[in-house]
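Trainee: fold the following and give me the result.
(2 chains)
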Amino acid sequence: DVKVTQSSRYLVKRTGEKVFLECVQDMDHENMFWYRQDPGLGLRLIYFSYDVKMKEKGDIPEGYSVSREKKERFSLILESASTNQTSMYLCASTQGGRNTEAFFGQGTRLTVV
Amino acid sequence: KNQVEQSPQSLIILEGKNCTLQCNYTVSPFSNLRWYKQDTGRGPVSLTIMTFSENTKSNGRYTATLDADTKQSSLHITASQLSDSASYICVVSPMTSGGYNKLIFGAGTRLAVHP
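Mentor: Residues are numbered from 1 along each chain as shown, chains lettered A, B, ... in the order given. Model (predicted):
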């Protein structure tokens, strides 16, 4: 059974804290993605990575950075958390190619107070 | 304007009834169109993937159709069950030069199935 695992289901952090969200996939996928999901909006791409140590900005990268030191792990970093980063964060992975399946983690509900 | 629009925003049906969810998109050209099911507080799970040349794809009680001429897709759920209560998300992947899957998400239709 394929698996994308996010390190936390729920997180509460204070404004200004540095926050790490971790994602691990066990399918040897090349591509990994971080999205955020807010009510009434579709998932929006923050960053993606198509190879180890490679990263590309998505549609809303401001306030975020990422790290991919190993193929199976993709981390999202909030350098200084703000209340407008309160959201559901979803990690996904896919094999290379256009029509391949995308597998999602269970999501991390982050609240910044 | 969103490139992927879904309707209705929410829907309530009785258990055992059928329903159809709509997706209109402006993404062109596109590589594939996907439907996902997302339970509350969970990540999306794939139901179907259709390439631009396919018209229909089924997965159990879920049947997706695609009309590339009118840029419309629908997801039909037959004999609904309480476990079908979830958000259903339409996702279009544009044709790009890269080898990765860029995905454009609709906002979803929230379906509630009542006993």
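Trainee: hey, C-alpha coordinates of stretch A:83-96 in PDB?
Mentor: What follows is stretch A:83-96, C-alpha atoms only, in PDB (Å, rounded to 0.1, in the frame of the first residue of the first chain):
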ATOM      1  CA  THR A  83      -1.500  34.200  11.400                       C
ATOM      2  CA  ASN A  84      -2.300  34.200   7.700                       C
ATOM      3  CA  GLN A  85      -0.400  31.000   7.400                       C
ATOM      4  CA  THR A  86      -3.100  29.200   9.400                       C
ATOM      5  CA  SER A  87      -4.300  26.600   7.000                       C
ATOM      6  CA  MET A  88      -4.400  22.900   6.000                       C
ATOM      7  CA  TYR A  89      -1.100  21.800   4.500                       C
ATOM      8  CA  LEU A  90      -1.000  18.800   2.100                       C
ATOM      9  CA  CYS A  91       2.000  17.000   0.800                       C
ATOM     10  CA  ALA A  92       1.800  15.000  -2.400                       C
ATOM     11  CA  SER A  93       4.100  12.800  -4.500                       C
ATOM     12  CA  THR A  94       4.100  11.500  -8.100                       C
ATOM     13  CA  GLN A  95       6.300   9.500 -10.300                       C
ATOM     14  CA  GLY A  96       7.700  11.200 -13.400                       C
END
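Trainee: touching chain B at all, that stretch?
Mentor: Yes: among the residues of stretch A:83-96, A:Leu90, A:Ala92, A:Thr94, A:Gly96 lie within reach of chain B under CB under 8 Å from any CB of the partner chain. (Each C-beta comes from the backbone N, C-alpha and C, glycine too.)
Trainee: residues in contact with the residue nearest to B:Pro29 when sequence neighbours are not counted?
Mentor: Of all residues not flanking B:Pro29 in the chain, B:Met95 sits nearest, at 4.3 Å (CB to CB, 6 or more residues apart in numbering or on different chains). Taking CB atoms under 8 Å, 6 or more residues apart in numbering or on different chains, we find B:Met95 in contact with A:Arg98, B:Pro29, B:Phe30, B:Ser31.
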